[in-house]
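> here are the coordinates; sequence isn't available:
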């Protein structure tokens, strides 16, 4: 899923009839001060990074005048919050909040329905309070059902909101319809701020949209969205280099590479299921995988080379295991050719570490021919199993056994 | 008899005139699949790989088509699938990757409403040796990978599903049907749906499933086994234990994300084993399991 940064998320909700605090994003302290000046009252300065718990990380700062807003922006911009570099901050009006409510709208893939969670216990550490017996109401909404039929003031009756129940029901319906129209499979408003004048505003918004649906959302700019991959941490330098290389190649969106800490066995085993099997087998034999990888169907030789470079850059690398299950959506000879090319590129006579490959599918004959010309490249076809190949690779890292 | 594709079915290919549609149609025909028609709006009256192309599914159905395979890009899958389901097509195979989740959900709901069945999205296909193949699995030499027999195979991973069918063949066994379920969280035919179909099928004597971390498909199979609702023996290979140390991270299939405590591969394996399934750790363990079950090897 793609995480929508808070300023864009709020803008999108604002366009759909939901009240949001006045404000906008700033890339520098001067703009932060200018925005605060426009607002004309105390503001909150928030780092625009695609993760939660920013308050605890000191990434949410109150500023009662423009100069303080500029200082807060100065402190936040360029710093790293949970690994993400703060390139922009959101400067918005601090609301006089009477009560903080909680609302979460999410799509359940298992049940094929929308789940709407509402609580009168919003704000920071909501999970803890809800866990401790705070009132949480769950509403289920069928795929095509109208929110009006399900989200009614009566259904919110248990929350004991009094007069606010009706407007919270309306707010919830609008947020639900917003989620639907945006392919926002997760849309959380926390807090839903009940202000002194009795209105409800989306003071805190977390929004994740189905990245498969991006083709139909022109209203989302590339700047508005962060694909939070890896461990919800920023990319490592190897991952970043690979991403940069891939961005210059066509059709690479299915290609993924995740570096694991402390591993020594590089993985070129691809396939959604095959790669997971590879990791499990390595672990079973006492090996330590150094990375996870997958490639887009029809990946080009250039893509495979980019991945091979990333694998060969892994710091503790002792061996590489490649291939896996029968492949029809990538040419398996590309694995060999890529290793050969990158080896040559780096001025090496042979690959930096031994490669153990089980290559079957498109291009398997050529794979064997090419592999025969390389030292330290052990290549088998159907005569070997994935199991045997992984065992051999793990053994060559100097550990483990069956 | 097998499942999903019957000898009397006639296949229409939506998007047959595109590059992928054309090459896959060729493979399906070569395998002996009764492909009857192609559908590409605006190209009605032309021919592709020797079959007639129509402008609409309605015309192809009028011509005799009963089953559809979609080779349309992800953004157009929803209207194309709904068109087929609304015309009474009984089985729709969706091969496209990256179909929006809400679209997939809408398609599955329409199938339920119309009494049709959907396999996919993101399915590599269905193989019924002796009847045909939906989707061009196995490239130019499918007979290398698939042999007729009595083992039903259902897999959340296309690549691994093919590998398992191949392992089964190399050990002298064969498949009744192979179904690639697709790797997304919302799919038209879930693992338990396939298992029930295999259980009801006279030709299937053992069921092999390939599952992964994420979602609840394997747990549903375990619950049905435990309740005595499945009598055919089930062999399960479930992957993704290593990634349990990284909850919330997407590896490969979107459906493999572990959400909190649920969806763990280890829990799935435990539930299946407790329910009486034979849980294996890699493909090599499947042939011995089939032997133990006294499944007959096929005469060569």
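Sure thing, it's come through. All figures in this text were calculated on a predicted structure; none of them were measured in a lab. Numbers count the residues shown, from 1 in each chain, chains lettered A, B, ... in the order given.
> quick check: closest non-adjacent residue to the residue of the stretch 51-200 of chain A found nearest chain B.
Using CB to the nearest CB, the closest approach of the stretch 51-200 of chain A to chain B is made by residue A:109 at 3.5 Å. C-beta coordinates here come from the backbone N, C-alpha and C atoms, glycine included. Distance criterion CB to CB, 6 or more residues apart in numbering or on different chains; nearest residue to residue A:109, sequence neighbours excluded, is residue B:185 at 3.5 Å.
> quick one: pLDDT of that neighbour?
As predicted, residue B:185 sits at a pLDDT of 92.
> ok, residue A:317 to residue A:99 distance?
55 Å (CB to CB, to the nearest Å).
> so where do the strands sit in chain B?
Along chain B, the stretches classed as strands by DSSP state E are B:11-14, B:35-39, B:47-48, B:51-54, B:67-70, B:91-94, B:117-119, B:126-128, B:132-134, B:148-155, B:175-180, B:206-212, B:234-239, B:278-280.
> now render the ones you listed as a markdown table, adding mean pLDDT.
Shown next, in a markdown table, are the strands of chain B (pLDDT from 0 to 100):
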| stretch | mean pLDDT |
| --- | --- |
| strand B:11-14 | 98 |
| strand B:35-39 | 98 |
| strand B:47-48 | 96 |
| strand B:51-54 | 98 |
| strand B:67-70 | 98 |
| strand B:91-94 | 98 |
| strand B:117-119 | 98 |
| strand B:126-128 | 97 |
| strand B:132-134 | 97 |
| strand B:148-155 | 97 |
| strand B:175-180 | 98 |
| strand B:206-212 | 98 |
| strand B:234-239 | 98 |
| strand B:278-280 | 98 |
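> contact partners for the residue nearest to residue A:181 when sequence neighbours are not counted?
Computed as CB to CB, 6+ apart, the closest residue to residue A:181 that is not its neighbour in sequence is residue A:16, at 7.1 Å. Residues near residue A:16 by CB atoms under 8 Å, 6 or more residues apart in numbering or on different chains: A:174, A:177-178, A:181.
> how about the residues of the stretch 151-300 of chain B near chain A?
Counting by CB under 8 Å from any CB of the partner chain, the positions of the stretch 151-300 of chain B adjacent to chain A are B:155-163, B:166, B:170, B:183, B:185-186, B:210, B:212-213, B:215-216, B:237, B:239-243, B:246, B:248-253, B:255-256, B:265, B:281-284.
> would you write a ChimeraX line that selects the buried entries of those?
The ChimeraX command for the buried members of those (criterion: 16 or more other CB atoms under 10 Å in any protein chain shown) is given here:
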select /B:155,156,157,158,159,160,161,162,163,166,183,185,186,210,212,213,215,216,237,239,240,241,242,243,246,249,250,251,252,253,255,256,265,281,282,283
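> now the residue in the stretch 51-200 of chain B positioned nearest to chain A: closest residue in space, sequence neighbours ignored.
Closest approach between the stretch 51-200 of chain B and chain A, counting by CB to the nearest CB: residue B:157, at 2.4 Å. Leaving out its chain neighbours, the residue that sits closest to residue B:157 by CB to CB, 6+ apart is residue A:273, at 2.4 Å.
> go on, residue B:280?
residue B:237 (5.2 Å).
> and for residue A:246?
residue A:252 (4.2 Å).
> find me the pLDDT at the one you found, would you?
76.
> which one of the strands of chain B lies closest to residue A:88?
Shortest distance between residue A:88 and the strands of chain B, using CB to CB, is found for strand B:206-212: 37.3 Å.
> mind listing the strands the closest one pairs with, and their directions?
With DSSP bridges as the test, strand B:206-212 is paired with strand B:148-155 (parallel), strand B:234-239 (parallel).
> thinking again about what came up before, which ones among the contacts of residue A:16 are found in helices?
A:174, A:177-178, A:181 (DSSP state H).
> quick one: which of these has the most company?
residue A:178 (23 neighbours; other CB atoms under 10 Å in any protein chain shown).
> surely that residue and residue A:14 touch.
No - in this structure residue A:178 lies outside contact range of residue A:14 using CB atoms under 8 Å: 9.9 Å.
> related to what we said a few turns ago, closest to residue A:79 out of the strands of chain B?
Evaluated over those, closeness to residue A:79 peaks at strand B:206-212, with 37.9 Å, by CB to CB.
> need phi/psi at residue B:45.
phi 100, psi -10 (degrees, to the nearest 10).
> which residues touch it?
So residue B:45 contacts residue B:53 (CB under 8 Å, 6+ apart).
> go on, residue A:54?
A:46-47, A:60, A:81.
> now it: phi and psi?
Dihedral angles (degrees, to the nearest 10) for residue A:54: phi -70, psi -30.
> that one and residue B:293: what is the separation?
For residue A:54, the distance to residue B:293 - CB to CB - is 55 Å.
> now residue A:56
Counting by CB to CB - residue A:56 and residue B:293 are separated by 55 Å.
> likewise residue A:363?
36 Å.
> neighbour count for the two, which is higher?
When neighbours are counted by other CB under 10 Å, residue A:363 and residue B:293 differ, and residue A:363 comes out ahead with 19 against 14.
> got the contact list for the more buried one?
A:331-334.
> so, low pLDDT: which residues of the stretch 101-250 of chain A?
Residue ranges of the stretch 101-250 of chain A with pLDDT under 70: A:125-134, A:227-232.
> so where do the helices sit in it?
A:126-131, A:147-150, A:164-182, A:237-247 (DSSP state H, counting those that start in this stretch).
> which elements pack onto the longest one?
It refers to helix A:164-182. helix A:6-14, strand A:97-108, strand A:113-119, helix A:147-150, strand A:186-195, strand A:200-202 (3 or more CB pairs under 8 Å, 6 or more residues apart in numbering or on different chains; DSSP states H and E).
> buried set for that helix?
A:164-165, A:168-180, A:182.
> what's the angle from that helix to strand A:186-195?
150 degrees (axes from the mean of the first three to the mean of the last three CA atoms, to 10 degrees).
> what sits up against helix A:164-182?
A:12-13, A:16-18, A:99, A:101, A:103, A:105-107, A:114, A:116, A:118, A:141, A:147-148, A:151-153, A:155-157, A:159, A:161, A:184-185, A:187, A:189, A:192, A:194, A:198-200, A:202, A:207, A:209, A:217, B:102.
> which of the strands paired with strand B:206-212 sits most buried?
Greatest average neighbour count among those goes to strand B:234-239 (a mean of 27), per mean count of other CB atoms under 10 Å in any protein chain shown.
> now what about that one, what contacts it?
A:273, A:276-277, A:279-280, B:160, B:164, B:195, B:206-213, B:218, B:221, B:225, B:265, B:268-269, B:272, B:276-283, B:285-286, B:289-290, B:293.
> for chain B, what spans make up the helices?
B:19-30, B:57-63, B:74-86, B:101-114, B:142-145, B:158-170, B:191-200, B:217-226, B:265-274, B:286-292.
> deepest-packed of these, please.
helix B:158-170 (a mean of 26).
> so which elements touch that helix?
helix A:272-284, helix B:142-145, strand B:148-155, strand B:175-180, strand B:206-212, strand B:234-239, helix B:286-292.
> after the longest one, which helix or strand is next?
Going back to what we said before, that points to helix A:272-284. strand A:291-294 (DSSP states H and E).
> pairing partners for that next one, with directions?
strand A:256-259 (antiparallel).
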